[in-house]
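Colleague: The amino acid sequence is not available; the structure is as follows:
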């Protein structure tokens with residue numbers, strides 16, 4: 001067997017594979033002998049079928065199968081030994097009048113080669129790194145939510161402006177009949193509030209769905225319908241009152257603090273607000289980090305210029321899926337995936353040049369941290385090391401979990417690298433301002 005490479009240009013090459021009869025003959029003969037031993041053909045005793053008949057029936061299929069195995073194994077070996085950085089997979093070139101009966105079989109494969117380029121992480125223009133802070137208004141609102149959530153319900157005879165009302169929404173034409181609890185302070189429509197205030201248990205009111213709640217998503221849950229239907233709904237519904245409650249806010253005392261954060265971890269209202277601020281800003285950090293990663297990714301794609309073997313990739317996309325694509329479909333698919341492919345190449349170069357590979361020991365520690373944070377959400381704040389170790393070992397035995405955690409850890413490594421090397425300017429904003437500025 002002989003393998004050679006013809007360089008077409010910087011991004012394209014053709015690999016030629018010449019296979020001689022000696023490369024596959026013994027293997028094919030041995031397989032056909034095994035077939036002969038097992039063949040059950042009418043008119044012949046088992047194991048006594050003439051070899052000529054076996055070759056006639058099975059010879060070509062066995063030959064094709066063995067040659068394809070040789071091609072796959074040796075082509076992959078060649079690409080590895082020659083350190084060829086290919087995109088996609090080698091594509092066999094169509095050959096007219098190919099003769100499987102020939103003693104010498106010649107094959108050609110098209111290669112799309114990865115481009116050579118440099119990556120500059122430090123851009124001239126600084127990229128904004130948002131630091132989201134929890135302002136006083138947000139902290140106060142969170143304190144109110146906590147007091148409300150852990151407060152006491154007091155039954156009432158009639159509806160007041162700040163009450164919670166349980167009842168059933170109905171509309172026969174739209175097949176709506178759904179029992180729910182609504183909070184009057186979340187109703188946007190002044191007419192609706194006025195219609196409800198003063199009503200007693202057992203009474204019904206007619207409410208318009210359009211603009212009923214301050215948050216649009218509340219309508220679908222209140223009516224028991226999907227969001228898509230709720231967004232388009234503009235009807236009148238009947239609401240029959242079944243229960244009215246006033247929620248008395250919980251007292252900010254040690255009993256509540258211990259229930260929320262564990263015994264004696266928070267001892268005053270001041271410490272409660274500090275804890276809320278700390279926890280909120282920790283959660284916000286994940287959002288600002290994701291925004292930073294997205295922005296740096298876009299900058300790297302825009303600023304790192306290189307060509308791709310586009311014709312090869314379109315051809316590869318066209319035939320590599322479950323169902324072959326048309327020329328136009330392959331072109332459209334390439335255009336959709338081009339940006340992702342470019343960043344994949346850029347990211348791979350950054351990882352290789354800066355030795356950012358994921359090691360198994362650090363992946364294990366990363367999984368422990370992930371497990372610990374998951375357990376904390378369910379109130380298990382101080383797990384034993386042995387417990388973490390056992391769960392981590394079970395997680396690490398699942399290949400899908402290992403892949404998912406590896407991707408998360410690599411994303412974190414890249415983020416840390418960018419924070420250290422990229423040209424960043426830190427900007428402090430409230431959460432509302434972050435949403436307006438970052439996603440407007």
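Modeller: Right, received. Where do you want to start? Just so you know, these numbers come straight off a predicted model, no measurement behind them.

Colleague: buried set for stretch 45-59?
Modeller: 49, 54-55, 58-59 (16 or more other CB atoms under 10 Å). C-beta here means a position set from N, CA and C on the backbone, and glycine is covered the same way.

Colleague: want to throw these into a markdown table with distance to residue 178?
Modeller: Conversion of the buried residues of stretch 45-59 to a markdown table gives the following (distance: CB to CB, whole Å):
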| residue | distance to residue 178 |
| --- | --- |
| 49 | 74 |
| 54 | 72 |
| 55 | 74 |
| 58 | 67 |
| 59 | 71 |
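
Colleague: out of these, which are inside helices?
Modeller: Cross-referencing the buried residues of stretch 45-59 against helices under DSSP state H gives 54-55, 58-59.

Colleague: Name the nearest of the residues you listed relative to residue 234.
Modeller: The nearest member of these to residue 234, counting by CB to CB, is residue 58 at 71.3 Å.

Colleague: which non-adjacent residue is nearest the closest one?
Modeller: Distances taken as CB to CB, 6 or more residues apart in numbering put residue 35 closest to residue 58, at 5.5 Å, once the chain neighbours are dropped.

Colleague: For residue 204, give me phi and psi.
Modeller: Dihedral pair for residue 204: phi -120, psi 150, per degrees, to the nearest 10.

Colleague: On the three-state scheme, the residue lying closest to it once chain neighbours are set aside is what?
Modeller: Excluding the flanking residues, the one nearest residue 204 by CB to CB, 6+ apart is residue 240, at 4.4 Å. Assigned by DSSP: H, G, I helix; E, B strand; the rest coil, the conformation of residue 240 is strand.

Colleague: For residue 240, grab the count of nearby residues.
Modeller: 15 (other CB atoms under 10 Å).

Colleague: quick one, what contacts it?
Modeller: By CB atoms under 8 Å, 6 or more residues apart in numbering, the contact set of residue 240 is 167-168, 170, 202-204.

Colleague: what about burial for those, which qualify?
Modeller: By 16+ other CB under 10 Å, the contacts of residue 240 give 167-168, 170 as buried.

Colleague: one step back: could you dump the buried residues of stretch 45-59 into TSV with pLDDT and distance to residue 119 added?
Modeller: Below are the buried residues of stretch 45-59 laid out as TSV (pLDDT from 0 to 100; distance: CB to CB, whole Å):
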residue	pLDDT	distance to residue 119
49	85	64
54	88	59
55	89	57
58	90	54
59	91	53
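
Colleague: Name the nearest of those residues relative to residue 244.
Modeller: For those, the residue nearest residue 244 by CB to CB is residue 58; the value is 83.5 Å.

Colleague: The closest one against residue 32, yeah?
Modeller: Yes: under the criterion of CB atoms under 8 Å, residue 58 is in contact with residue 32, at a separation of 6.4 Å.
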